[in-house]
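Chemist: Sequence and predicted structure, then a few things I'm wondering about:
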Amino acid sequence: MVEVLHVDAFEDNYIWLIRGLDDTSKVAIVDPGDEIPVYATLKKHALTPLAILCTHHHGDHTGGIDNILKHYSIPVFGPAQEHIPGISHRLKQGDPVDLHGLGLRFEVLDVPGHTRGHIAYYGHGMLFCGDTLFSAGCGRLFEGTAEQMLISLNKLSALPDDTQVYCTHEYTADNLRFALQLEPSNPDLLAYIKKIEKLRQTGLPTLPTTIGAEKTFNPFLRSAEPEVKEAAQAHCGHALRTPEEVFTEVRKWKDRF
């Protein structure tokens, strides 16, 4: 098993530190928006970074890169289609990411929607997906289209059900309140709400989640489900013919929720 540590940043961001298999004192840093809490966690656990993985260009995911590179001469992996200062390895769909010294290897997935060039990293039963998929939610469409995002989410939902999903915001409780509007009688959703309430009461992260779990209650992975479609139609006031139309209306609804 690969161990992953979380670093709290800003109000609700998570920066992930992936421990190496070959040497657990070495880590890869995922989406370091702020270097200060990263340094504190590295010092606390006596860790040394060997690489940085970026999913997209937003500042809360990249803002700490320049300062980290002043202290550590390490490679920075990121999306080929986005401008992120400091990137040494530009990646696209299907590219391998071999993290030498960590014994880790990831495959790159193109997942546009939140941004045009957003990527995710999949390997060792883990998915680092930035702001594309959240627990019970998905990212806003800042640059991409609903069609692009739905294709990206379908790509992620096709991964093995036991895939551990490491997204980068603690949005779960808010997302669940919205999901309840669409499927108030979904038993998987109701059970998950209770689980998340207990975690948040003790200050624990709600992540990682799994692909299999998300498919049972995340409305953005359930556009083909009759109850989700009916709720979306009732909200927008007209018929929705395809899962893409359902997804589009659900995303608009969530934006105003």
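Modeler: Perfect, I can see it now. Residues are numbered from 1 along each chain as shown.

Chemist: Going by residue numbers, what spans are helices in the stretch 51-200 of the chain?
Modeler: Here the stretch 51-200 of the chain has its helices, by DSSP state H, counting those that start in this stretch, at 59-62, 65-71, 146-157, 172-182, 187-201.

Chemist: tell me the mean pLDDT over the last one?
Modeler: Which is helix 187-201. In this model, helix 187-201 carries a mean pLDDT of 97.

Chemist: ditto for stretch 93-101
Modeler: Averaging pLDDT along stretch 93-101 gives 96.

Chemist: buried ones in it?
Modeler: For stretch 93-101, burial by neighbour count (16 or more other C-beta atoms under 10 Å) applies to Asp95, Val97, Leu99. Heads up, the C-betas are built off the backbone N, CA and C, glycines and all.

Chemist: Touching, the last one and Val27? I think so.
Modeler: Right, the one you point to is Leu99. No - Leu99 is beyond contact range of Val27, at 9.6 Å (criterion: C-beta atoms under 8 Å).

Chemist: ok so, going back, any idea which of the helices of the stretch 51-200 of the chain gets closest to Arg251?
Modeler: Of all the helices of the stretch 51-200 of the chain, helix 146-157 sits nearest to Arg251, with 5.9 Å by C-beta to C-beta.

Chemist: packing partners for that closest one?
Modeler: Judged by 3 or more C-beta pairs under 8 Å, 6 or more residues apart in numbering; DSSP states H and E, the packing partners of helix 146-157 are strand 104-110, helix 211-217, helix 243-256.

Chemist: Is it possible to get CSV of those that adds mean pLDDT and mean neighbour count?
Modeler: Listed next are the helices and strands packed on helix 146-157 as CSV, based on pLDDT from 0 to 100; neighbours: other C-beta atoms under 10 Å:
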stretch, mean pLDDT, mean neighbour count
strand 104-110, 98, 20
helix 211-217, 98, 19
helix 243-256, 97, 18
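
Chemist: Turn the ones you listed into CSV, including distance to Ser152.
Modeler: Formatted as CSV, those follow (distance: least, C-beta to C-beta, whole Å):
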stretch, distance to Ser152
strand 104-110, 8
helix 211-217, 13
helix 243-256, 11
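
Chemist: I'd like to know which of the ones you listed is closest to Ile196.
Modeler: Ile196 lies closest to helix 211-217 among the helices and strands packed on helix 146-157, at 10.7 Å (C-beta to C-beta).
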